[in-house]
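Q: fold the following.
(chains A and B)
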2 protein chains.
Amino acid sequence: MNNLLVAQSGGPTAAINATIVGVLEMVKLSENIDRVYGAKYGVKGILEENLMDLDDLKRSTKSLELLKQTPAAVLGSCRFKIGKSGSGDLQAQCARIIEVFRKYEIHYFVYIGGNDSMDTVYQLDQYCREQGISDIKVLGAPKTIDNDLVVTDHCPGFGSAAKYIATTVAELERDISVYDVPAVTIVEVMGRNAGWLTASTALARINGGKGPSLIYLCEHAFDIDRFVEDVREKTAGNQGILVAVSEGIKDSEGRYISELYQPNVVDEFGHGYLAGVGQILTQIIQERIGCKVRAVELNLMQRCASHIASATDIEESRMLGMKAVAVAFEGKSGVMVTLNRQDSIEYTVDYGYVDIKEVANREKTVPLSWITPDGHDITQEMYDYLYPLIEGERNIRFKNGIPNNVLLL
Amino acid sequence: MNNLLVAQSGGPTAAINATIVGVLEMVKLSENIDRVYGAKYGVKGILEENLMDLDDLKRSTKSLELLKQTPAAVLGSCRFKIGKSGSGDLQAQCARIIEVFRKYEIHYFVYIGGNDSMDTVYQLDQYCREQGISDIKVLGAPKTIDNDLVVTDHCPGFGSAAKYIATTVAELERDISVYDVPAVTIVEVMGRNAGWLTASTALARINGGKGPSLIYLCEHAFDIDRFVEDVREKTAGNQGILVAVSEGIKDSEGRYISELYQPNVVDEFGHGYLAGVGQILTQIIQERIGCKVRAVELNLMQRCASHIASATDIEESRMLGMKAVAVAFEGKSGVMVTLNRQDSIEYTVDYGYVDIKEVANREKTVPLSWITPDGHDITQEMYDYLYPLIEGERNIRFKNGIPNNVLLL
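A: Model prediction:
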């Protein structure tokens, strides 16, 4: 028997299941693989021998179609990095994984995830090399709405999150523009260290809408006084403005604004309260300017809104799943598959791969040159980078008024 | 000249612009009307003579199609009730409105809005009757995501908000189910006094998803201890649960939980902090149960997410705009048009109207018999009421990756 195992890890996205679809489709096209397993809850599911047979899923055209529009991670996920503090001995964990692989005759393992998951791919591949195991191929497939993996032009999941954010911010802009009174709406977007998602709020302007009047990415030092002045300027004579802000904005010394200005307060029962950066900025505007102000947090919706997924993103995610299997069949191990944007008038990507140690534990942030000098907007280069990634709509299949999904767990 | 004026009022929705489309289409079908005006920012725009000619819009088939998918209020809106405290003398305001109507030769006025707007329709119609003015017809068209207008079976805007909420809660449920650790996600839904929107979170279960495990509407007395026990019970052996809660839940004496448990805290600079009910319940679960817990506020998105509007809702909203004009042409004044659900196997509505004084300043809340006796779910009757309202998807026209909208202001 020559079996393949796939697993998902890290935070949910709208695109991670499409990569499983690609894996299963590539297996269908080949005679190399006897059986496909899925590990439940990421690498934890391998350690605990918690696997499921994906043959029925592979055979069902309808399920594969629905899986491409199912958000989150159909096999479950984990926040677990082998060999890291608190999760046990690396050698023992790798040995246990190989033991499970042997038992289930798994010779190909595709792990879909972000930075931490790519580290697991790296560690496991290293272990195989050290142990002289050459008949197990370990592959990584990228996935993260944060878009912070290096080498690959962008990451599956990001385009769909960006499309949700651009669409939602355009709708919010319409919403807040209905009254002729000055008001500020602060939209807090995910991203502790990378501002890609926050930058995509600018795409809300693409059809003539005003979009956000101010955009603050976490890569650019955030100055409270400057921010208050920016808001004062933009609200002068204006009906209402939107401000987009990364959750991870920091001051010039790299300290998170959300921590610096956290109200260190407890109530009469000793309860502490943790405010998000949107709430903190709301409070500051209220005190210093005094106009109507509210915070909107896009929260978990930005990573799971499959109903408005980018067709480009879903198709690329699927193709990367296929590519991972193709690369494995060519005998590669310890690599992550990548999206390589081609220099051409029309947007095109090639599918490639990169040595996993070039990727693991690294982070790609927004180049400062893609932020305008005033620190509160993005440049044309950033628009050009972002725009193709949200292109295209999927023909979502609804049932009883809501999208139809595949549920495995 | 025999002109018609239309205006929008109250909070934005995904459906309010479809009613304008219906008004314009009905005018197109008749020879009664010479010109159509829109008042900017609701009745304020009439008082300030801030009108715009809608003839170009009326003539453009493409714009009318796009207007049906444009969120918020394309003419702008206001939170303004004539004759109410702070807004001036009722008689003087009505006289001013009639003066503007005479200047622009307006004989038909359609006001689209919720409770407050229907009061304006009532006051203005009363004024006309008292003054013996019989050549001006004043009509109301309902609109509110809160679904709290009486007589009409439901309100335009509600179905689309419910579809967004059901879709989003189904996605959130997928998102929070990926980890095999106990966790609570509290989804805060709009509704101070009416729990219709919160009830619609239950529709997330319709395709087999788990949906919310607990649903608390503002009509049912909320008991904190009972709530903690409910959560404790549902999380036992569970991976993660969703809890849906109306922003306006109250205790048995009718006091808002969000006010009762508001942390009466100020930080070292004397700043006060206002927490939403989702945050307050999050804090309580953290202290009493100690598991992972987070709050998600659906915020403004629930009223403006046109990209996932209910086709049923948009079509009914358009038809109500047509009905308002038809009723006016029949010589009626001081009425609001209504949706009357018919008793039949298949969902059907008739379009009717009701004397405005039956509607103005009244509020329709969820019948207690549609809440389960345990107080944390809805009954089958409520499902049957809700389900047809989210049925059907619109073929949204996208441009550059986001929905295309009509911008007039």
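Q: after the one helix or strand residue A:64 maps to, next one along is what?
A: For residue A:64, the host element (DSSP states H and E) is helix A:61-67. Sequence order places helix A:90-103 as the next helix or strand after helix A:61-67, per DSSP H and E.
Q: sec struct for residue A:353, please.
A: Assigned state for residue A:353: strand (three-state reduction, DSSP: H, G, I helix; E, B strand; the rest coil).
Q: list the contacts of the residue nearest to it when sequence neighbours are not counted.
A: Excluding its sequence neighbours, the residue lying closest to residue A:353 (Cβ to Cβ, 6 or more residues apart in numbering or on different chains) is residue A:335, at 4.3 Å. No exception for glycine: its C-beta is placed from N, CA and C like everyone else's. The contact partners of residue A:335, taken as Cβ atoms under 8 Å, 6 or more residues apart in numbering or on different chains, are A:139, A:140, A:327, A:353, A:354, A:355, A:356.
Q: quick check: bridge partners of the second one?
A: It refers to residue A:140. Note on residue A:140: beta-bridge partners by DSSP bridges are residue A:111, residue A:336.
Q: from memory it sits against residue A:117, does it?
A: Yes - judged on Cβ atoms under 8 Å, residue A:140 makes contact with residue A:117 at a distance of 6.8 Å.
Q: those two: who's more crowded?
A: Per other Cβ atoms under 10 Å in any protein chain shown, whichever of residue A:140 and residue A:117 has more neighbours is residue A:140, with 32 against 28.
Q: from chain B, how far out is that one?
A: According to Cβ to the nearest Cβ, to the nearest Å, residue A:140 stands 19 Å off from chain B.
Q: now for that residue: which residues touch it?
A: By Cβ under 8 Å, 6+ apart, the neighbours of residue A:140 are A:110-113, A:117-118, A:121, A:324, A:335-337, A:356, A:359.
Q: run the last query once more with 6 Å
A: A:111, A:118, A:121, A:336, A:356 (Cβ atoms under 6 Å, 6 or more residues apart in numbering or on different chains).
Q: domain parsing for chain A?
A: As recorded under automatic domain parsing, the domains making up chain A are A:3-157+A:305-363+A:391-403, A:158-304.
Q: so can I have CSV of those domains showing mean pLDDT?
A: Below are these laid out as CSV (pLDDT from 0 to 100):
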stretch, mean pLDDT
domain A:3-157+A:305-363+A:391-403, 96
domain A:158-304, 91
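Q: can you redo those domains as JSON lines with distance to residue B:399?
A: As requested, the domains of chain A are exported to JSON lines (distance: least, Cβ to Cβ, whole Å):
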{"stretch": "domain A:3-157+A:305-363+A:391-403", "distance to residue B:399": "11"}
{"stretch": "domain A:158-304", "distance to residue B:399": "5"}
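Q: what residue is smack in the middle of chain A?
A: The centroid of chain A falls nearest to residue A:145 when counting by Cα atoms, centre = their mean (1.5 Å).
Q: I figured it hits residue A:13, correct?
A: Yes - contact status for residue A:145 versus residue A:13: in contact at 5.2 Å, counting by Cβ atoms under 6 Å.
Q: now residue A:310. Nearest residue, chain neighbours left out?
A: residue A:159 (3.9 Å).
Q: try residue A:405
A: Using Cβ to Cβ, 6+ apart, the closest residue to residue A:405 is residue A:70 (4.2 Å).
Q: could I get the contacting residues of that neighbour?
A: A:17, A:405, A:406.
Q: kindly recompute the last result at 10 Å.
A: Residue A:70 is in contact with A:14, A:16-18, A:20-21, A:63, A:304, A:306, A:403-408, B:171, B:174, counting by Cβ atoms under 10 Å, 6 or more residues apart in numbering or on different chains.
Q: are any of those buried, and if so which?
A: A:14, A:16-18, A:20-21, A:63, A:304, A:306, A:403-406, A:408, B:171, B:174 (16 or more other Cβ atoms under 10 Å in any protein chain shown).
Q: return the subset of these lying in helices.
A: Under the assignment DSSP state H, these contribute A:16, A:17, A:18, A:20, A:21, A:63, A:304, B:171, B:174 to helices.
Q: how close does the fourth one get to residue A:406?
A: If I follow you right, that is residue A:20. Per Cβ to Cβ, to the nearest Å, residue A:20 is found 10 Å from residue A:406.
Q: do the third one as well
A: Using Cβ to Cβ, one obtains 12 Å as the distance from residue A:18 to residue A:406.
Q: overlap in contacts, those two.
A: A:64, A:67, A:68, A:69, A:70.
Q: and of the residues you listed, the nearest to chain B?
A: Nearest to chain B among the shared contacts of residue A:18 and residue A:406, counting by Cβ to the nearest Cβ, is residue A:70 at 6.8 Å.
Q: quick revisit: show me the common contact partners of residue A:140 and residue A:117, please.
A: A:9, A:111, A:336, A:360.
Q: ok, the third one - contacts?
A: In other words, residue A:336. Here residue A:336 is in contact with A:111, A:113, A:117-118, A:121-122, A:139-142, A:149-152, A:320, A:324, A:327, A:352-360 (Cβ under 10 Å, 6+ apart).
Q: same check, this time on the first one
A: For residue A:9, the contacting residues are A:16, A:39, A:41-45, A:73, A:75-81, A:111-114, A:116-118, A:120-121, A:140, A:143, B:178, taking Cβ under 10 Å, 6+ apart as the criterion.
Q: which of the residues you listed count as buried?
A: Buried, going by 16+ other Cβ under 10 Å: A:16, A:39, A:41-45, A:73, A:75-78, A:80-81, A:111-114, A:116-118, A:120-121, A:140, A:143, B:178, out of the contacts of residue A:9.
Q: strands of chain A, residue ranges please.
A: A:3-8, A:36-39, A:51-53, A:106-113, A:137-142, A:183-189, A:214-216, A:241-246, A:292-297, A:335-341, A:349-355, A:398-399, A:402-403 (DSSP state E).
Q: mind putting those strands into a markdown table with distance to residue A:310?
A: Putting these into a markdown table (distance: least, Cβ to Cβ, whole Å) gives the following:
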| stretch | distance to residue A:310 |
| --- | --- |
| strand A:3-8 | 19 |
| strand A:36-39 | 25 |
| strand A:51-53 | 29 |
| strand A:106-113 | 18 |
| strand A:137-142 | 16 |
| strand A:183-189 | 17 |
| strand A:214-216 | 20 |
| strand A:241-246 | 19 |
| strand A:292-297 | 22 |
| strand A:335-341 | 13 |
| strand A:349-355 | 13 |
| strand A:398-399 | 18 |
| strand A:402-403 | 15 |
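Q: if you rank the contacts of residue A:335 by neighbours, which is first?
A: Counting by other Cβ under 10 Å, top hit in those: residue A:140 with 32 neighbours.
Q: so what sits against both of residue A:20 and residue A:406?
A: Common neighbours of residue A:20 and residue A:406 (Cβ under 10 Å, 6+ apart) are A:57, A:64, A:67, A:68, A:70, A:74.
Q: ramachandran coordinates for the last one?
A: Main-chain dihedrals, residue A:74, degrees, to the nearest 10: phi -60, psi -20.
Q: put the alpha carbons of stretch A:151-165 into CSV.
A: Extracted in CSV, the C-alpha atoms of stretch A:151-165 (Å, rounded to 0.1, in the frame of the first residue of the first chain):
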residue,chain,number,x,y,z
VAL,A,151,9.0,33.5,-0.9
THR,A,152,5.4,32.8,-2.2
ASP,A,153,3.9,35.9,-3.8
HIS,A,154,0.9,35.6,-1.6
CYS,A,155,-0.9,33.0,0.6
PRO,A,156,-4.1,31.1,0.1
GLY,A,157,-6.8,32.5,2.3
PHE,A,158,-5.6,36.1,2.0
GLY,A,159,-7.4,37.0,-1.2
SER,A,160,-10.8,35.8,0.2
ALA,A,161,-10.2,37.7,3.4
ALA,A,162,-9.2,40.8,1.4
LYS,A,163,-12.4,40.5,-0.8
TYR,A,164,-14.5,40.2,2.3
ILE,A,165,-12.8,43.2,3.9
